[in-house]
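>>> Here is my input, please return the structure:
(2 chains)
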Amino acid sequence: EAQVTQNPRYLITVTGKKLTVTCSQNMNHEYMSWYRQDPGLGLRQIYYSMNVEVTDKGDVPEGYKVSRKEKRNFPLILESPSPNQTSLYFCASSLEGSDGNTIYFGEGSWLTVV
Amino acid sequence: AQSVTQLDSHVSVSEGTPVLLRCNYSSSYSPSLFWYVQHPNKGLQLLLKYTSAATLVKGINGFEAEFKKSETSFHLTKPSAHMSDAAEYFCVVSEWYTDKLIFGTGTRLQVFP
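Residues are numbered from 1 along each chain as shown, chains lettered A, B, ... in the order given. Sure, this is the predicted structure:
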């Protein structure tokens, strides 16, 4: 079954404590990305990756890092989380970008930073 | 720059009546447009997509959308609402040179019995 798997699904953490949200896809997709969803703002792209070792900033990259060492994995790293990073995060993947290709989303990760 | 504007933040309908969720887009190029649905505490599900083929696009669960270039619109419709349609709906355009998805701010659909 085609899947994008995110972990953890729910997390409460404290300010400044580094955390990683993992994302894995089983479809051999080249394109992966991270979004955050905030009320009234829709989803905004944080980072994206067009292939292994190729990553680039989206619209709201501040405070986040990513890596793409393997095709299937695209972890999101918060080096020093702050309360304004409390949000719902989605990982997504597609075969070659989003233009016309079906994009698969993970189920989301609820992150609360206190 | 490409963008989408969802004209209504909330839409309420009675079960069995038509649904209209409005979306206008801005794009210098022929856009790829999508509608996604998000049920409470769930991920995002693709309803339908337009990629410069037929202007009337049929999706899942009886939804369809019509691409109107002259009006720069991509409104989502359904002839008869069902209680299970209650959710948040996002209109999305794909940015061609980065493949980034640009989301609208969402429309929350309520369906009353």
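
>>> Write out the residues of chain B neighbouring chain A.
With Cβ under 8 Å from any Cβ of the partner chain as the criterion, chain B meets chain A at residues B:9, B:32, B:34, B:42-44, B:46, B:49, B:51, B:90, B:94, B:96, B:98-101, B:103-106. From N, CA and C alone the C-beta is placed, and that goes for glycine too.

>>> Now with 7 Å, please.
B:32, B:43-44, B:46, B:51, B:90, B:94, B:96, B:99-101, B:103-106 (Cβ under 7 Å from any Cβ of the partner chain).

>>> What are the neighbouring residues in contact with A:N28?
Applying Cβ atoms under 7 Å, 6 or more residues apart in numbering or on different chains to A:N28 gives the contacts A:K71.

>>> can you check A:V52 too?
Counted by Cβ under 7 Å, 6+ apart, A:V52 has contacts A:68, A:70-71.

>>> what about residue 43, how many neighbours?
Assuming you mean chain A. A:L43 has 27 neighbours, counted by other Cβ atoms under 10 Å in any protein chain shown.

>>> Let me rephrase: I mean chain B.
18.

>>> for it, what are its contacts?
Contacts for B:G43 (Cβ under 7 Å, 6+ apart) come out as A:90, A:105-108.

>>> from those, which ones fall inside strands?
In strands, judged by DSSP state E, the following of the contacts of B:G43 are found: A:90, A:105.

>>> Among the contacts of B:G43, name the buried ones.
Neighbour counting by 16 or more other Cβ atoms under 10 Å in any protein chain shown classes A:90, A:105-106, A:108 among those as buried.

>>> a markdown table for these, including pLDDT and distance to chain B?
Listed next are the buried ones among the contacts of B:G43 as a markdown table, based on pLDDT from 0 to 100; distance: Cβ to the nearest Cβ, whole Å:
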| residue | pLDDT | distance to chain B |
| --- | --- | --- |
| A:F90 | 96 | 7 |
| A:F105 | 91 | 4 |
| A:G106 | 93 | 6 |
| A:G108 | 94 | 5 |
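
>>> circling back: and which of the contacts of A:V52 is nearest to chain B?
A:R68 (14.7 Å; Cβ to the nearest Cβ).

>>> helix, strand or coil for that closest one?
Judged by DSSP: H, G, I helix; E, B strand; the rest coil, the three-state class of A:R68 is coil.

>>> Tell me how many other residues surround it.
20.

>>> Now do the contacts for it.
So A:R68 contacts A:49, A:52-55, A:74 (Cβ under 7 Å, 6+ apart).

>>> and what of B:C91?
B:4, B:6, B:23, B:35, B:74, B:104.

>>> Which of those residues sits closest to chain A?
Distance to chain A across the contacts of B:C91 (Cβ to the nearest Cβ) is lowest for B:G104, with 5.6 Å.

>>> Cross-check the contact I'm expecting between the closest one and B:Q2.
No - with contact defined as Cβ atoms under 7 Å, B:G104 does not reach B:Q2; the gap is 11.6 Å.

>>> Looking at these two, which has the bigger crowd around it?
Neighbour count, other Cβ under 10 Å: between B:G104 and B:Q2, B:G104 has more, with 24 against 17.

>>> show me what contacts the residue positioned nearest the centre of chain B?
Centroid-nearest residue in chain B: B:W35, 3.6 Å away (criterion: Cα atoms, centre = their mean). Counting by Cβ under 7 Å, 6+ apart, B:W35 makes contact with B:47-48, B:59, B:65, B:76, B:89, B:91.
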